[in-house]
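> Dropping a prediction and its sequence here:
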Amino acid sequence: MICFSEVLMAAPVVLLRCGHAFHAHCCTAVLERRWPGPRITFTFMLCPICKRDISHASLDELIAPLTALRQDVQRKALMRLDYEGLLRGGQTETDQSLTSSSSSSALLAMDRYAYYMCCKCDKAYYGGEARCELASDARPAVSEDYDPSELVCGGCSDVARAQMCVRHGADFLEYKCRYCCSVAVFFCFGTTHFCAACHDDFQRVTSLSRADLPRCPAGPRATQLTGDECPLHVQHPDTGEEFALGCGVCRNAHTF
């Protein structure tokens with residue numbers, strides 16, 4: 001169910017705590033390879049058959065840091081969901097952080113928001129809502145062929161001298177994409193922030209002259225949107241300039 005090439009008896013096997021057996025080297029490879037593409041996802045940690053967490057004593061050393069990362073992403077996603085007023089059942093952010101990762105609010109938060117791994121501090125950072133990436137174009141916004149060194153969080157790519165939040169530090173520092181009104185995911189050339197869609201189309205958008213760039217509201221891939229309201233709900237410089245949005249959690253607290 002993982003390699004689809006060798007019969008089970010052809011290599012050493014582990015019996016997971018869920019009761020399903022797989023090649024030991026296949027389980028190790030899946031956990032070491034982690035998620036496909038730049039966006040952090042955790043389906044690779046699930047048994048291919050029953051979708052319960054992969055768990056075995058021989059794999060604990062690999063699983064422990066991945067579990068800690070999942071908990072961190074869940075905590076950050078639930079905090080953002082809390083500030084947007086979308087938590088279910090009247091529970092607070094603190095209450096929800098202590099619940100199982102299978103709770104409805106946790107699943108909603110993890111599915112709603114896209115997080116990426118900073119190559120410098122090895123922390124997960126927010127990269128916008130997942131639906132924005134899916135709706136940006138019929139073509140996939142990002143592929144597995146990307147440079148991990150371009151994934152840099154706001155705190156590690158402070159080129160616009162954003163002020164550190166007194167409440168949350170640099171953990172939630174965010175930047176606007178230079179070419180549209182989206183939260184930036186990639187930081188390239190040491191100077192430029194891109195959302196996932198604009199990064200995928202960077203050769204075209206970076207070749208546009210200032211006169212050809214869309215005005216706010218600007219959509220992914222430097223497309224002009226109709227209406228007057230910025231998708232980010234902030235005032236910012238013209239498209240084509242770097243701009244620090246500041247602390248994303250505090251900003252959302254005011255926005256929503």
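Received, thanks. Residues are numbered from 1 along each chain as shown.
> When you work out contacts or count neighbours from here on, use the C-alpha atoms and nothing else.
Will do.
> What residues does L59 make contact with?
Residues counted as contacts of L59 (CA atoms under 8 Å, 6 or more residues apart in numbering) are T28.
> how close does it sit to L8?
Distance, L59 to L8, by CA to CA, to the nearest Å: 18 Å.
> again with R33
Counting by CA to CA - R33 and L8 are separated by 21 Å.
> Quick check on the two: which one has the bigger neighbour count.
Neighbours were counted for R33 and for L8 using other CA atoms under 10 Å; L8 has more, 13 against 9.
> same question for the lengthiest helix in the chain, mean pLDDT?
The residue-count maximum for a helix in the chain (DSSP state H) belongs to helix 60-83. Averaged across helix 60-83, the pLDDT comes to 92.
> can you pull the buried residues of it?
Residues 63, 66, 69-83 are the ones in helix 60-83 that count as buried (16 or more other CA atoms under 10 Å).
> Likewise for stretch 173-184?
L173, E174, Y175, K176, C177, R178, Y179, C180, C181, S182, V183, A184.
> Show me these that map onto strands.
Counting by DSSP state E, the part of the buried residues of stretch 173-184 found in strands is L173, E174, Y175.
> Show me the strands in the protein, by range?
13-15, 21-23, 113-117, 124-129, 173-175, 186-188, 192-194, 218-219, 223-224, 244-247.
> Of those strands, which stretch is the most buried?
strand 173-175 (a mean of 29; mean count of other CA atoms under 10 Å).
> Quick check: can you name the pairing partners of that one and their directions?
Using DSSP bridges, the strands paired with strand 173-175 are strand 244-247 (antiparallel).
> Let's see the pLDDT reported for S136.
pLDDT, S136: 47.
> wait, what's in contact with the residue nearest to C198 when sequence neighbours are not counted?
The shortest distance from C198 to any non-neighbouring residue, by CA to CA, 6 or more residues apart in numbering, is to R221 (4.6 Å). Residues in contact with R221 (CA under 8 Å, 6+ apart) are S136, Y179, C180, A197, C198, D201, V205.
> mind checking how far the second one is from E32?
Using CA to CA, one obtains 34 Å as the distance from Y179 to E32.
> cool, and the last one?
Taking CA to CA as the measure, V205 and E32 are separated by 35 Å.
> and those two? which has more neighbours close in?
More crowded of V205 and E32, by other CA under 10 Å: V205, with 20 against 13.
> need the contact list for the more buried one.
V205 neighbours (CA under 8 Å, 6+ apart): Y179, C198, R221, A222.
> ok, now W35?
T41, F42, T43, F44.
> Spatially, and excluding backbone neighbours, which residue is closest to R210.
That would be G240: by CA to CA, 6+ apart, it lies 6.8 Å from R210.
> So for the one you found, what pLDDT did the model give?
As predicted, G240 sits at a pLDDT of 95.
> show me where pLDDT drops low in the stretch 101-250 of the chain?
Residues of the stretch 101-250 of the chain meeting the criterion pLDDT under 70: 101-102, 131-145, 159-163.
> what ranges do the helices span in it?
Under the criterion DSSP state H, counting those that start in this stretch, helices of the stretch 101-250 of the chain are mapped to 104-112, 130-135, 196-200, 202-205, 248-255.
> Now do the residue nearest to Y175 when sequence neighbours are not counted against L173, distance only.
Excluding the flanking residues, the one nearest Y175 by CA to CA, 6+ apart is A244, at 4.4 Å. Noted for A244: a distance of 8 Å to L173, by CA to CA.
> Find the residue closest to Y126 in space, skipping its chain neighbours.
Spatial nearest neighbour of Y126, excluding adjacent residues (CA to CA, 6+ apart): Y115 at 4.6 Å.
> What is the burial count for L151?
When neighbours are defined as other CA under 10 Å, L151 has 26 of them.
> er, E150 I mean
For E150, the neighbour count with other CA under 10 Å is 21.
> Do I have it right that it meets A184?
No. E150 is beyond contact range of A184, at 11.3 Å (criterion: CA atoms under 8 Å).
> That'll do, ta.
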